[in-house]
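Asks: A predicted structure for the sequence below; I have some questions about it.
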Amino acid sequence: MANIIEIAGLELVFPAADGPVHALSDINLNVEQGEFISLIGPSGCGKTTLMRAVADLEKPTSGSVQVRGMSASEARQQRSYGYVFQAPALYPWRTVEKNISLPLEIMGFSPAQRQERAKQYLALVNLEGFEKKYPWQLSGGMQQRVSIARALSFEPDLLLMDEPFGALDEITRDYLNEQLLRLWEQTQKTVMFVTHSISEAVFLSTKIVVMSPRPGRIIDVIDCDLPKDRTLDIRESPEFLHIAQQVRQGLKSGHSYDG
Amino acid sequence: MVETAGALALNSPSWWQRLLAGKSFPVMVVSAVILIVWYLGAIYLNSPQIIDRYKKQNVEWSFSQLAKDSWSMERAVLPAPHQIAAELKKTVIDKKITSKRSLVYHAGVTLSSTLLGFVLGSILGLVLAIGIVHNQTLDRSLMPWIIASQTIPILALAPMVIVVLGAIGIVGLVPKAIISMYLCFFPMAVGMVKGLRSPDPMSRDLMRTYNADARTVFWKLQMPSAVPYLFASLKIAIALSLVGAIVSELPTGAQAGLGARLLSGSYYGQTTQIWAALIMASVLSALLVMGIGYIEKIVTKRMRGGLT
């Protein structure tokens, strides 16, 4: 299968008043079409920075980032990916429908198309009938679902998700994890997902990238071959626990794990 | 039935309970205190002249006589509130609006230059803010000048502006409006710079992921985010604009306007006329600010679906 993301020899250094911060060091990573890849690691390991580099929101100091065969900057200009932030980042002066339409407006879709897409993707995140609500009328989980619908609305192949459920309670998070998995199955997107929850990473991913801080680097890539139609119950299964154990080991050791 | 009556009594408190709970009671208390202090102040400030008169005429006088006389004195140092009210009634209600003795006519003259200056100043402030936010060079070069412009007392600058503009043939409404504009572009520029910069990094990044151009970011993110700052700035600007209009009428020997009324009042020692003009100015200012507040309420309601 074709690589949708190719990262080679990526270095990223932030200049700071008290000496430069080495955020990412020697990152090499390929992501294939249709994969669900999670970046996991403690705070400050550069997982968000790595994803922002893929999204062309940060400029690498050296090395290359290719998205769909283009440079990260070209890929951004081609609107190749949908980005879901840590917070919903909905515009409070826009209704749910208008928030989802925002990228479509910018990309020149017709009003009829925008309305149809908003309806379609609201249904996909189980929020039918919320078109005319304002963000403040929705719970945190609902707001984040709207932001996912917004990222999907212009139908990019690639979805970049930066701890989208980090601020939500565990019950909501479980529910949204299951929904996200269904959504990934239905839409056949490639997903890059940042998290610091091991069970979330194992439950969702086909591949887990374990990272370590100072300098931010990849210490392990663990394949995760649980069946695609998994439910939350799978978290009790031996296979799940085994992979989770591998990830935990990887995070603890900070060196390569050969399993 | 007894229960219903009880519930009714609970639901409809007596008039003084409602008064205590509402806004009007504190306002009434403050107003009453101001009036008492005012009347006492009028006796204190006006009595020396009146006592002098008593001594010259060699008449017996009592305190009640003194109070009565100091509250009805013509050209008093501090006229009593009812005298000012009478003056207001005379010049606002009894006179036709077209009459040069009508205070409404003078307020209208001041209002027209206030509004013109306000519109010009707001546009200027907004344009400067947009320039400053989008261009680093403008940020560094303009901001010090904008701040410096406000350190010059407007009272010192106003005659210059009138004289210079008069020399090139611009007279009447425009020079007054320019002085108003000079005062009110400042809060607009400063407020809108802050407002246009108010969107958080995440909202900006979102626009970047859509590869949105500067114009799109301005209309779809920066302007809507700046709306609360816009209205705060407009309220300050319109009040300052009125101040500017009145000040600009002072040094020019203007024939009409609240400033002209203040000036002629002080020439002829007509203190009641001065106070009436001052009250007219403050009522006008309050109405203008309330008008902006009303527009703000409508806009906010439409933007946030009823959340104010």
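Replies: Yep, that arrived.
Asks: all contacts plus neighbour counts: C-alpha atoms, from now on.
Replies: OK.
Asks: Tabulate the CA atom coordinates of the longest helix along chain A in CSV.
Replies: Longest helix in chain A by number of residues (criterion: DSSP state H): helix A:170-187. C-alpha atoms of helix A:170-187 as CSV (Å, rounded to 0.1, in the frame of the first residue of the first chain):
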residue,chain,number,x,y,z
GLU,A,170,-13.7,8.7,30.8
ILE,A,171,-17.3,7.7,30.0
THR,A,172,-17.7,10.2,27.2
ARG,A,173,-14.2,9.3,26.0
ASP,A,174,-15.1,5.5,25.8
TYR,A,175,-18.2,6.4,23.8
LEU,A,176,-16.4,8.6,21.4
ASN,A,177,-13.6,6.1,21.0
GLU,A,178,-16.1,3.5,19.8
GLN,A,179,-17.7,6.1,17.5
LEU,A,180,-14.4,7.1,16.1
LEU,A,181,-13.6,3.5,15.3
ARG,A,182,-16.9,3.1,13.5
LEU,A,183,-16.3,6.3,11.6
TRP,A,184,-12.8,5.2,10.6
GLU,A,185,-14.2,1.9,9.3
GLN,A,186,-16.9,3.7,7.3
THR,A,187,-14.8,6.4,5.8
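Asks: I'd like the average pLDDT over it.
Replies: Averaging pLDDT along helix A:170-187 gives 88.
Asks: who touches it?
Replies: A:124, A:125, A:141, A:165, A:190, A:191, A:200, A:204, A:228, A:229, A:231, A:232 (CA atoms under 8 Å, 6 or more residues apart in numbering or on different chains).
Asks: Just the buried residues of these.
Replies: A:124, A:125, A:141, A:165, A:190, A:191, A:200, A:204 (16 or more other CA atoms under 10 Å in any protein chain shown).
Asks: so what's the nearest residue to the fifth one once chain neighbours are set aside up against?
Replies: Spelled out, that is residue A:190. Nearest residue to residue A:190 in three dimensions, chain neighbours excluded: residue A:34, at 4.3 Å (CA to CA, 6 or more residues apart in numbering or on different chains). Each residue near residue A:34 by CA under 8 Å, 6+ apart is listed here: A:188, A:189, A:190, A:191.
Asks: and which of the residues you listed is nearest chain B?
Replies: residue A:191 (15.8 Å; CA to the nearest CA).
Asks: Which helix or which strand is home to the closest one?
Replies: strand A:190-195 (DSSP states H and E).
Asks: what's the angle from that strand to helix A:170-187?
Replies: With axes from the mean of the first three to the mean of the last three CA atoms, to 10 degrees defining the directions, strand A:190-195 sits at 170 degrees from helix A:170-187.
Asks: per-residue confidence averaged over whatever helix or strand residue B:297 lives in?
Replies: Element membership for residue B:297 (DSSP H and E) is helix B:271-304. The average pLDDT for helix B:271-304 rounds to 92.
Asks: now the longest helix of chain A, how far from the centre of its chain.
Replies: From the chain centre to the centre of helix A:170-187 is a distance of 13 Å (CA atoms, centre = their mean, to the nearest Å).
Asks: Could you give me the buried positions within it?
Replies: For helix A:170-187, by 16+ other CA under 10 Å, it's A:173, A:174, A:176, A:177, A:178, A:179, A:180, A:181, A:182, A:184.
Asks: Over to stretch A:241-255?
Replies: A:243, A:244, A:246, A:247, A:250, A:251, A:254.
Asks: again with stretch B:189-199
Replies: B:189, B:190, B:191, B:192, B:193, B:194, B:195, B:196, B:197, B:199.
Asks: Just want the residue of chain A that's nearest chain B.
Replies: Counting by CA to the nearest CA, chain A gets nearest chain B through residue A:93, at 4.8 Å.
Asks: Run a quick check on that residue versus residue B:303, I expect a contact.
Replies: Yes - using CA atoms under 8 Å, residue A:93 is in contact with residue B:303, at 4.8 Å.
Asks: Run through the helices of the stretch 151-300 of chain B in chain order.
Replies: B:154-167, B:173-196, B:201-209, B:214-217, B:223-249, B:258-267, B:271-304 (DSSP state H, counting those that start in this stretch).
Asks: which residues touch residue A:162?
Replies: A:48, A:51, A:83, A:84, A:85, A:86, A:193, A:194, A:195 are the contacts of residue A:162 under CA under 8 Å, 6+ apart.
Asks: repeat that with 6 Å
Replies: A:85, A:86, A:194 (CA atoms under 6 Å, 6 or more residues apart in numbering or on different chains).
Asks: quick revisit: from the buried ones among the contacts of helix A:170-187, which land in helices?
Replies: Going by DSSP H, the helices hold A:124, A:141, A:200, A:204 from the buried ones among the contacts of helix A:170-187.
Asks: Could you export the residues you listed as TSV, including pLDDT and distance to chain B?
Replies: Converted to TSV, those look like this (pLDDT from 0 to 100; distance: CA to the nearest CA, whole Å):
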residue	pLDDT	distance to chain B
A:124	85	21
A:141	89	18
A:200	91	24
A:204	91	24
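Asks: Need the max-distance pair from those residues.
Replies: A:124 and A:200 (20.7 Å; CA to CA).
Asks: Tell me the gap between stretch B:118-138 and the middle of its chain.
Replies: 23 Å.
Asks: do stretch A:63-77 as well
Replies: For stretch A:63-77, the distance to the chain centre is 17 Å (CA atoms, centre = their mean).
Asks: Can you give me the buried ones in that stretch?
Replies: Quick answer for stretch A:63-77 (16+ other CA under 10 Å): A:64, A:65, A:66, A:67, A:68, A:70, A:71, A:72, A:73, A:75, A:76, A:77.
Asks: Closest to residue B:290 out of the buried ones among the contacts of helix A:170-187?
Replies: Out of those, the member with the shortest distance to residue B:290 (by CA to CA) is residue A:141, at 39.1 Å.
Asks: That closest one and residue B:215: what is the separation?
Replies: 32 Å (CA to CA, to the nearest Å).
Asks: So which of the helices of the stretch 151-300 of chain B is nearest chain A?
Replies: Closest of the helices of the stretch 151-300 of chain B to chain A is helix B:271-304, at 4.8 Å (criterion: CA to the nearest CA).
Asks: ok and the closest one relative to helix B:258-267, angle-wise?
Replies: 160 degrees.
Asks: pLDDT score assigned to residue A:239?
Replies: 87.
Asks: what does residue B:14 give?
Replies: For residue B:14, pLDDT reads 75.
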